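**Student:** What shape does this take:
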Amino acid sequence: MGRLKSRLGALGRELALHLALPRRRAGTPSVLFFPSQGTDDGAARLRAYAMARELTALGWRTAVCPKHLGLAARRRLVRRFAPDLAVMQTARHPLNRPHLFPGLRVVIDLDDADYIDPVSAEPLVRALQDSVGAIAGSRSVARFCRRYTAPVTVVWTGTPPSADAPPAQQGRPPVVTWAASSPVGSPHEVALLAQVLDRLAQRGVDLRFRVYSDDGSEGYRAMMARLVPAGMPCETRAFMGYEAFLGSLDDVAVGLAPLVDLDGFSGGKSFGKVLAYIDRGVPVVTQPVVDHPLFFRHGENGLIVDTVDEWADAIVVLLADAAKRDGIAAVARADLRTRLSTEAAARLTDRFLRALLP
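**Tutor:** Coordinates of the predicted model:
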């Protein structure tokens, strides 16, 4: 009986999905998104669900396939929606495989260096080979994609700017944060920031250091012990939803975005948590690596540094001058609207997909 109820529930959800599909309209292009995860995942939320909404505003008929649908249900959805194109977001989902959908013109969307992991690389390469093109989240990811498919374009992950303006920097406490989604899995970045924080401690700089994604594990505590010098005030934040994360940045003075392991996963990064920093008026300190120099202009919309001393100097300069923090943050937020918003990303995606229409 329990199995029957579960099956009926699944069929009911599938029926509701089909009934909600937009009607076909002559001359209107259509695209079906296959995200790798649900809306709780940042990449899926921004590069699939939000992208579908933005493309609808640009004249597309769009739909998103929920991650829980099995192969048979996905094939029924493809038949019912009959899209001109499909966008499969990475090959992390076991059914994001173009060869499972004969006749479907599939574009692969890849915003991370999944190819570094041998287990992920094999299905990803096959998916790219079976695709009609790819959308990459950065130049380094695009270079990989071009080995196996064409055409390939770069579309940075964008975010919808918050409707409310962030609070001014004047009056914010001297909180410096590193909002990595997996700090324990970023040992090279931990090693760099440990040196930077040690320099700041030697100078007696008044600050509180904040790290996110605290899972309560022994590994996390060991990472914090390596990262933060003895006696430096520090705090951690547990995993939280994106809206809560944005709100938590409203008392932050400086946001750090180190990328060190360029031969590993860091080499495929684009902006990640930097989007949230900018959205909530937090000036960013980062490095001249990956695509960051294409967006950040040193001293205007962020600070670009290289050596440990440059990192420490940049943090000191920003903590000492709230007006400077506000000025840099304001320029970065304006640039986000034109270059790192979901609307900006959709314009690029729209142009690329239209060129692939049958």
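
**Student:** how far away is R25 from T307?
**Tutor:** 57 Å (CB to CB, to the nearest Å). For every residue, glycine as well, the C-beta is placed using N, CA and C.

**Student:** And D117, by the same measure?
**Tutor:** 31 Å.

**Student:** Of the two, which one has the most company?
**Tutor:** Between D117 and T307, counting by other CB atoms under 10 Å, D117 is the more crowded of the two (13 against 10).

**Student:** Low-confidence bits of the protein, can you list those?
**Tutor:** 1-9 (pLDDT under 70).

**Student:** Sheet partners, orientation included, of the longest strand along it?
**Tutor:** Using DSSP state E to define each element, the chain has its longest strand at strand 208-214. Here strand 208-214 has these sheet partners by DSSP bridges: strand 175-178 (parallel), strand 234-238 (parallel).

**Student:** Output the ones you listed as CSV; include the columns distance to R97 and mean neighbour count.
**Tutor:** Formatted as CSV, the strands paired with strand 208-214 follow (distance: least, CB to CB, whole Å; neighbours: other CB atoms under 10 Å):
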stretch, distance to R97, mean neighbour count
strand 175-178, 36, 22
strand 234-238, 35, 14
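
**Student:** nearest to G255, of these?
**Tutor:** strand 175-178 (5.7 Å; CB to CB).

**Student:** Out of the strands paired with strand 208-214, flag the one nearest F352.
**Tutor:** Judged by CB to CB, the one of the strands paired with strand 208-214 that comes nearest to F352 is strand 175-178, at 33.4 Å.

**Student:** what about that closest one, distance to the chain center?
**Tutor:** Remark: strand 175-178 is offset 19 Å from the chain centroid, using CA atoms, centre = their mean, to the nearest Å.

**Student:** what does the very next helix or strand once past it rub up against?
**Tutor:** Using DSSP states H and E, the helix or strand that follows strand 175-178 towards the C-terminus is helix 187-203. Here helix 187-203 makes contact (CB atoms under 8 Å, 6 or more residues apart in numbering) with 178, 180, 183, 207, 209, 223, 226-229, 231-232, 256, 258-261, 264, 266, 308-309, 311-312, 315-316.

**Student:** now the residues you listed: which count as buried?
**Tutor:** Among those, those classed as buried by 16 or more other CB atoms under 10 Å are 178, 180, 183, 207, 209, 223, 227-228, 256, 258-261, 266, 308, 311-312, 315-316.

**Student:** Just the ones in strands from those, please.
**Tutor:** Reading strands off the buried ones among the contacts of helix 187-203 with DSSP E, I get 178, 209, 256.

**Student:** In CSV: these, plus distance to F81.
**Tutor:** What follows is those, written out as CSV (distance: CB to CB, whole Å):
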residue, distance to F81
W178, 42
F209, 49
L256, 43
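
**Student:** Name all residues that make contact with D84.
**Tutor:** Here D84 is in contact with 29-31, 105, 357-358 (CB under 8 Å, 6+ apart).

**Student:** where's L246, which helix or strand?
**Tutor:** When elements are assigned from DSSP H and E, L246 belongs to helix 242-248.

**Student:** for V107, that is, sorry about that
**Tutor:** Using DSSP H and E, V107 sits within strand 106-110.

**Student:** Any chance you could list what contacts that strand?
**Tutor:** 47-48, 85-91, 98, 124, 127-128, 130-137, 141, 144-145, 149, 353, 356.

**Student:** repeat for stretch 62-71
**Tutor:** With CB under 8 Å, 6+ apart as the criterion, stretch 62-71 contacts 13-14, 17, 21-22, 30-38, 44, 48-49, 52-53, 55-56, 74, 77, 81, 83, 93, 95, 100.
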